[in-house]
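K.L.:
Show me the folded form of this:
(chains A and B)
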Protein chains: 2
Amino acid sequence: MYDAEIHAGWDIGGNANGGYLIALGARAMADAVGRPPVSLTTHFLAPGKSGPCEIDVDVVRVGGRMATVAARLTANGAEVVRLLGTFGEHVPGGPAVTLGAPPELPPTGECVRSKPPFEVGTGFGDRIRAHVRPGDAGFKDGFPTGTPEFAGWFEFDDRQPIDAIGLLLVADAFPPVIFNLHGMPVGSAPTLEMTVHVRAEPAPGPLRCRFGGRFVQDGFFEEDGEIWDVTDRLVAHSRQLALVPRRVP
Amino acid sequence: MYDAEIHAGWDIGGNANGGYLIALGARAMADAVGRPPVSLTTHFLAPGKSGPCEIDVDVVRVGGRMATVAARLTANGAEVVRLLGTFGEHVPGGPAVTLGAPPELPPTGECVRSKPPFEVGTGFGDRIRAHVRPGDAGFKDGFPTGTPEFAGWFEFDDRQPIDAIGLLLVADAFPPVIFNLHGMPVGSAPTLEMTVHVRAEPAPGPLRCRFGGRFVQDGFFEEDGEIWDVTDRLVAHSRQLALVPRRVP
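P.N.:
Just a heads-up that it's a prediction; the model follows:
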């Protein structure tokens, strides 16, 4: 059992960012087995308010190369997230295929810094620098692109280096892709489940990210993310399943 | 706790197919909350030999629409798979976007029925009819396409209807996509983790499936699956992270 804290200032509208909660849980899990995350799935159960929390880590199996770990993060007696992951080291080398490339982005100065679209509780937006490709940012002014995609740069505001656990946060740091669909209410799009595959430790420097969805149906949509480092290497690959915001009646 | 059985005849080379194990665990989880799977993640820990097993189900949270459930499947005292999922009903309607389409496939009679490339223990291949697009099946004779993809039809051999739980099995029923890369040893490509999103209950009839990978690096590859029903509706979306087969020295 780890005593931890959901720090203030990582919230969106008063609730801690989902990626922040994933990273918080993952840090305890990684500590328990002494290995960084390779694949981590998180199910979101309740909003995370700032304050003390407990992380109950269950080491399922420790193998020579990989360890499987489950965890639950509880605050004020309520379970906030449940996690299940594999932790281990990447061993460079072997066959390589890369069908894809980082998004083409103008310099950050020509991009639009993304902040959560709320009047209060924008702490998360101050901690990170998510600079969205200019054309992708018009949704805030009522001009969505019509394509469920966002691309942009990511850095922490204090430029702290991004490790494997930091990547888990990056994977949930951009606006929901459906905000770029026409006629979609911009509101809460709660994530049910998110899985992040860490594919490499990032080289120092800003990351290029692309998030896209292909299927919106029956109130659900998925969001696939690719995160690339400055060496043009894929460092994380993510998918989440989320709920379409409900229309305001 | 559910007493269950890993039935003989669903194996590949003596070990139960991964998708079969996922479906076995999911059936207990779905029973515990009375809802079908929406998102299910499975981590693979040990081979599943045929025989009795126990499924320990932990109902994490039951909400009005969604329930979160964890489970572990144990056989002969060893944990075989650990699962974490969200279960609930799909509510038809709402905004719809479909960026994609089912693979174009010739009739099953012109496709190649896929069987595991082993001399013994091909029970799984007898239980299912996975009919692969002709060009994709040449790898068995030493002629991979060079593209990490397989597309084909799926039915159970006895034509039993495929429900949400059946889809979990379908998502792991085709050969690993890297078998279609040049110079890749055709051997075991163990899955570390697999997540399946059930996006709709399939209409009766054969399913069209496409599995593809884009990133092979540092000994890992991912495999993304799309499963479409006869009404051209996406019914499941999957991703797994697996290990590249080791080269025979």
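
K.L.:
By residue count, what's the longest helix in chain A?
P.N.:
Counting by DSSP state H, the longest helix found in chain A is helix A:18-33.

K.L.:
can you list contacts of it?
P.N.:
Residues outside helix A:18-33 that contact it (CB atoms under 8 Å, 6 or more residues apart in numbering or on different chains): A:2, A:4, A:6, A:10, A:36-37, A:40, A:42, A:44, A:48, A:53, A:55, A:57, A:59, A:62, A:67, A:69, A:71, A:73, A:80-81, A:83, A:85, A:87, A:124, A:164-166, A:168-173, A:191, A:194, A:196. C-betas here are computed from N, CA, C, even on glycine.

K.L.:
Please apply the same query to stretch A:43-54.
P.N.:
Residues contacting stretch A:43-54 (CB under 8 Å, 6+ apart): A:1-11, A:14-16, A:18, A:20-21, A:24, A:73-76, A:78-83, A:190-194, B:39, B:60-61, B:68, B:84-86.

K.L.:
ok, now with 6 Å
P.N.:
The contact list for stretch A:43-54 (CB atoms under 6 Å, 6 or more residues apart in numbering or on different chains) reads A:1, A:4-6, A:8, A:15-16, A:21, A:73-75, A:78-82, A:191, A:193, B:61, B:68.

K.L.:
before we move on, what about stretch A:168-175?
P.N.:
A:18-20, A:22-23, A:26, A:128, A:130, A:150, A:154, A:196, A:211, A:225, A:227, A:236, A:238.

K.L.:
can you pull the pLDDT of the spatially most central residue of chain A?
P.N.:
Nearest residue to the geometric centre of chain A (CA atoms, centre = their mean): A:Asp172, 2.1 Å. In the predicted model, A:Asp172 carries a pLDDT score of 96.

K.L.:
and the gap between it and chain B?
P.N.:
Distance, A:Asp172 to chain B, using CB to the nearest CB, to the nearest Å: 16 Å.

K.L.:
try A:Arg239
P.N.:
6 Å.

K.L.:
correct me, but that residue touches A:Glu223?
P.N.:
No: if you go by CB atoms under 6 Å, A:Arg239 and A:Glu223 don't touch, sitting 7.0 Å apart.

K.L.:
shaky segments in chain A?
P.N.:
A:116-121, A:186, A:247-249 (pLDDT under 70).

K.L.:
Chain B contacts on that one?
P.N.:
Proximity of chain A to chain B (CB under 6 Å from any CB of the partner chain) is limited to residues A:39, A:41, A:43, A:45, A:60-61, A:68, A:82, A:84, A:86, A:90-92, A:94-97, A:99-100, A:192-193, A:195, A:197, A:214-219, A:234, A:239, A:241, A:244.

K.L.:
Filter those residues down to the buried ones.
P.N.:
Neighbour-count burial (16 or more other CB atoms under 10 Å in any protein chain shown) applied to those gives A:39, A:41, A:43, A:45, A:60-61, A:68, A:82, A:84, A:86, A:90, A:94-95, A:97, A:192-193, A:195, A:197, A:214-219, A:234, A:239, A:241, A:244.

K.L.:
Buried residues in stretch A:12-23, which are they?
P.N.:
Neighbour-count burial for stretch A:12-23 flags A:Ile12, A:Asn15, A:Ala16, A:Asn17, A:Gly18, A:Gly19, A:Tyr20, A:Leu21, A:Ile22, A:Ala23 (criterion: 16+ other CB under 10 Å).

K.L.:
any idea which of these is the one closest to B:Phe139?
P.N.:
Nearest to B:Phe139 out of those is A:Ile22 (CB to CB; 37.2 Å).

K.L.:
quick one, what contacts the nearest residue in space to A:Phe87 that is not next to it in sequence?
P.N.:
In this structure, A:Phe87 finds its nearest non-sequential neighbour in A:Arg35, 4.1 Å apart by CB to CB, 6 or more residues apart in numbering or on different chains. By CB under 6 Å, 6+ apart, A:Arg35 lies in contact with A:Ala67, A:Phe87, A:Gly88.

K.L.:
Look up phi and psi at A:Arg35.
P.N.:
phi -140, psi 150 (degrees, to the nearest 10).

K.L.:
State the distance from it to chain B.
P.N.:
On the measure of CB to the nearest CB, A:Arg35 and chain B end up 13 Å apart.

K.L.:
go on, A:Gly9?
P.N.:
A:Gly9 is 27 Å from chain B, where distance means CB to the nearest CB.

K.L.:
wait, is that residue part of a strand?
P.N.:
No: counting by DSSP: H, G, I helix; E, B strand; the rest coil, A:Gly9 is not found in a strand; it is coil.

K.L.:
and A:Glu222, what element?
P.N.:
Using DSSP states H and E, A:Glu222 falls within strand A:220-228.

K.L.:
I'd like to know which elements that strand is packed against.
P.N.:
strand A:207-212, strand A:234-243 (3 or more CB pairs under 6 Å, 6 or more residues apart in numbering or on different chains; DSSP states H and E).

K.L.:
what's next to the last one, contact-wise?
P.N.:
Residues from elsewhere that reach strand A:234-243 (CB under 6 Å, 6+ apart): A:167, A:171, A:189-200, A:202, A:219, A:221-225, A:227-229, B:39, B:197, B:215, B:239.

K.L.:
same thing but 7 Å
P.N.:
Residues from elsewhere that reach strand A:234-243, judged by CB atoms under 7 Å, 6 or more residues apart in numbering or on different chains: A:98, A:167, A:170-171, A:176, A:189-200, A:202, A:219-229, B:39, B:197, B:215, B:222, B:239.

K.L.:
From the residues you listed, keep the buried residues only.
P.N.:
Neighbour-count burial (16+ other CB under 10 Å) applied to the contacts of strand A:234-243 gives A:167, A:170-171, A:176, A:189, A:191-200, A:202, A:219-229, B:39, B:197, B:215, B:222, B:239.

K.L.:
where does the spatially closest residue to A:Asp58 that is not a sequence neighbour fall, helix, sheet strand or coil?
P.N.:
Spatially, and ignoring its direct neighbours in sequence, A:Asp58 is nearest to A:Ala70 (4.3 Å; CB to CB, 6+ apart). Judged by three-state DSSP, the three-state class of A:Ala70 is strand.
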